[in-house]
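all I have is the shape, not the residue letters:
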Ligand code: SF4
Ligand code: SF4
């Protein structure tokens, strides 16, 4: 059976019958399930960026994960669902997230289990470009095979989060903030994401794009109906398809540019499955901010070009900015890897000179008060 790098299957709702039919079709297009053997332990790496009800479209929908699990357990596999959100990787925090995301019942009913292993381990990856040694969640390391099952969303730091970015969740909890700090250069962070994908090599990358998120993503944006499931064996080709669907230029996706530089994605070329995807393409997707990867340093750049890029990127850079609704909870202060936030008179205050632009504060603000603010010049140029 043919293994497709990136395919799109219509799926209009999270109704069980609709999902089961779409998931069967999708897994067939990815080469079928013959690789699944009785007793095999398969980890489904969801996107659980926090405790959000499924209708918020911030996390992989449990009904979609259940449809996949039914197919795998019918073949005798043991299936575990998990993720390591940006908060402490502990039974209390992750248990609350499972509960709010309403995972327990669909997971158990489909024959799966929720991960309860909160240990981590250090691994060496000498072939990596930047991440030659790192700590990853043990539950994922102990699986015989991994399927990544992400959600398609707008993202403040990397413009769009889907297949490639989902793999960052194998780093346990707050260690992610440390990596943001250590690799605050956007080009390095993009290489880190590629390193993680090349290390983990999930069998499949699936994406829940039945309801996606636009606007103040990846946690506080607005749900929008797209009505598809996507999947593939190649995260870069799959995210090329996602970018095309949302009308996001590839040059804005630093991790795709990094994959191109490493020969993992052809520099040119349209998305796979373009014909099937045409009817779902958006022309008015609302983004979360971020700056084009054109501004990233490239070793081939001349000195003049480098100076020009540095100057322009400063002028066009997005910043975290406090909007309405801050309750002074201090969550952003506790997560900020640069120690750039303090709480004054029950409101968050950012010390700009310390900020490394990781957008963790925006991603994890529980009220949506922290936003991505595009620079005045960027707004002027793009007339938005
Ligand atoms: S910005 Fe958000 S996370 Fe930070 S203190 Fe205000 S409400 Fe809490
Ligand atoms: S202020 Fe926000 S964007 Fe800046 S370093 Fe802290 S968490 Fe990251």
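Cool, the structure landed. Quick caveat, the model's predicted, so the values are computed rather than measured. Ligands and ions are numbered 1, 2, ... in the order given.

what residues are up against the residue in the stretch 151-300 of the chain that ligand 2 sits nearest to?
Distance from ligand 2 to each residue of the stretch 151-300 of the chain (Cβ to the nearest ligand atom) is smallest for residue 180, at 6.6 Å. To be clear about C-beta, it is placed using only N, CA and C from the backbone, and glycine gets the same treatment. Shown in contact with residue 180 (Cβ atoms under 8 Å, 6 or more residues apart in numbering): 189, 337, 356, 358, 360.

you'd agree the last one is up against residue 174?
Read it as residue 360. No: counting by Cβ atoms under 8 Å, residue 360 sits too far from residue 174 to count as a contact (9.5 Å).

intersection of neighbour lists for these two?
Common neighbours of residue 360 and residue 174, using Cβ under 8 Å, 6+ apart, are 86, 335.

more crowded one of those two?
Neighbour count, other Cβ atoms under 10 Å: between residue 360 and residue 174, residue 360 has more, with 26 against 17.

show me the residues around that one that make contact.
Residue 360 makes contacts with 86, 176, 177, 180, 332, 335, 336, 337, as judged by Cβ under 8 Å, 6+ apart.

quick one on the thing from earlier: wasn't the residue of the stretch 151-300 of the chain closest to ligand 2 part of a strand?
No: with DSSP: H, G, I helix; E, B strand; the rest coil as the criterion, residue 180 is assigned helix and is not in a strand.

measure it to residue 317 for me?
Distance, residue 180 to residue 317, by Cβ to Cβ, to the nearest Å: 16 Å.

and the helices in the stretch 201-350 of the chain?
235-246, 254-261, 274-277, 303-316, 331-335 (DSSP state H, counting those that start in this stretch).

in the stretch 251-384 of the chain, where is pLDDT below threshold?
289-301, 306, 309-316, 375-384 (pLDDT under 70).

my guess is residue 338 contacts residue 357. True?
No: contact between residue 338 and residue 357 fails when scored by Cβ under 8 Å: they sit 9.2 Å apart.

find the residues that touch each one of these two.
With Cβ under 8 Å, 6+ apart, residue 338 and residue 357 have common neighbours residue 184.

that older thread, what's the most distant pair in the contacts of residue 360?
Pairwise distances across the contacts of residue 360 (Cβ to Cβ) peak at 14.5 Å, for the pair 176 and 332.

ok, back up a step: can you check the pLDDT for the residue of the stretch 151-300 of the chain closest to ligand 2?
Reported pLDDT at residue 180 in the predicted model: 85.

ok, it to residue 357 distance?
Distance check for residue 180 against residue 357: by Cβ to Cβ, it reads 9 Å.

do residue 234 as well
Between residue 234 and residue 357 the computed distance is 29 Å (Cβ to Cβ).

try residue 250
21 Å.

before we move on, what about residue 249?
From residue 249 across to residue 357, the span is 20 Å (Cβ to Cβ).

report the beta-bridge partner residues of residue 79.
On the basis of DSSP bridges, residue 79 is bridged to residue 42.

right, and it touches residue 44 too?
Yes: applying Cβ under 8 Å, one finds residue 79 in contact with residue 44, separated by 6.3 Å.
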